[in-house]
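Trainee: Got a predicted model here, sequence first, then my questions.
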Amino acid sequence: MAIQAIPVTVLIPYDTGMDAPPIDIPTKWSRRGLVIPRAQEHGVMGDPCIVWDDDISTWRMVLFAQPGGHGQTICLHTANDIPNLWSPVEPIPFSDPNLQTHKPYIVQEAHRPNRAAKINGEYWLLGVMIVDGHKFIQRARSKSLAGPWTWDAEPLIPRGGPGSFDEKHTDAVSGFYFPERDEVLYYYMGYPATPQPRPISPWGNAQGIATQKADSPTATKLGEYLPPVPQRGHWASGYYGGIQIFPGKTHKWVALLNASPTPPDPEDKSIAREEPAPSLGGWGWCDEDWPIKNWQLEPQPMEWIKDIPPDALADGEGTNLWRHHGLVLPDGRVAVYYNSGYYGQEQLYLKIGEA
């Protein structure tokens, strides 16, 4: 469906000191355009994660910032407006600067969207490491969201065994803390190294799930929970990207996620062989108290590439709409940040959705 311009006349404070409300899946959208441009011609700004930082009383964003692989920025707004003005992106400080990562994600409280979880006195940051051409997920910890962050010695979510859906990579993780269980729930992308028994996309990555008790050093994998949809042409029939969950109004949980209708081709030697265009943003929902199964997807994405309007194309959008991250506003609207553009040249954009 095409995204239509909707007048936004009332500015709502983006932090009221209260928790964000449960949300319904937005059905109406307005574009705010480019938020953070890439640093250079062949660079990336994307994969954002936004949390409130009590120490500085504003929003902090960590993101995939290329070159370098990771970065952070803070919101500079002093007026009551949607956060779209951010400080220059700087590297995330780590206690060991020789250990680099990308696609950082700060573990959030499951019932309080965009609030960083403090677990046993520490915040947890998740990142993706690359060794010998394979990706795996690692955890870092800090007493402050500003860092410095210290990496654990062992992988948090390693690659799977022979024939598994995540044998090649574990990637693009998100994490949510459930205090009533004292447990963190992780969603991540798992890439296969061998074709999987699927009718449409045997080489496409699937969404995997893992859990971790607060006092445990590693996570426990629960397996694949969202394989590519076995329906040719469905917006999620090729592969998945990242996912973010929110408490819902109509449903117990709603999810903002990325997926594609295009199955990867093992004979493709291009930069897009594992994740061919288009990547699209969309929504799902779940009515389980512990959302590890029975997820359902909306039949259509938020927007198909063909429906991007000319002014947005002129602003650099197109080819892909990559990892989406939502910031719930006090009135129930959702500010959705996402990166778009050709591979290796993506920039960060913003849409506002309301039910």
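Mentor: Perfect, thanks for sending it. Residues are numbered from 1 along each chain as shown.
Trainee: show me where pLDDT drops low in this protein?
Mentor: For the chain, residues meeting the criterion pLDDT under 70 lie at 1-18, 78-81.
Trainee: Mind jotting down where the helices sit in it?
Mentor: 310-314 (DSSP state H).
Trainee: What separation do you get for the residue most central in space within it and residue 46?
Mentor: Centroid-nearest residue in the chain: residue 242, 4.4 Å away (criterion: C-alpha atoms, centre = their mean). Distance of residue 242 to residue 46, given as C-beta to C-beta, to the nearest Å: 10 Å. (Each C-beta comes from the backbone N, C-alpha and C, glycine too.)
Trainee: so what sits against both of these two?
Mentor: When C-beta atoms under 8 Å, 6 or more residues apart in numbering defines a contact, the residues bordering residue 242 and residue 46 alike are residue 323.
Trainee: that older thread, isn't the residue nearest to the centre of the chain right up against residue 257?
Mentor: Yes. With contact defined as C-beta atoms under 8 Å, residue 242 and residue 257 form a contacting pair (6.8 Å).
Trainee: Identify the contacts common to these two.
Mentor: residue 324.
Trainee: Surely residue 312 and residue 33 touch.
Mentor: Yes. Between residue 312 and residue 33 a contact is recorded at 7.3 Å, counting by C-beta under 8 Å.
Trainee: ok, these two, which is more surrounded?
Mentor: residue 312 (19 against 13; other C-beta atoms under 10 Å).
Trainee: Contacts only, for that one.
Mentor: By C-beta under 8 Å, 6+ apart, residue 312 lies in contact with 31, 33, 318, 349.
Trainee: so which of the residues you listed comes closest to residue 324?
Mentor: Proximity of the contacts of residue 312 to residue 324 (C-beta to C-beta) peaks at residue 349, which lies at 9.9 Å.
Trainee: Beta-bridge partners for that closest one, please?
Mentor: residue 34, residue 338 (DSSP bridges).
Trainee: Next, work out how far apart it and residue 104 are.
Mentor: For residue 349, the distance to residue 104 - C-beta to C-beta - is 19 Å.
Trainee: What of residue 91?
Mentor: 11 Å.
Trainee: and for those two, which residues touch both?
Mentor: With C-beta under 8 Å, 6+ apart, residue 91 and residue 104 have common neighbours 70, 72.
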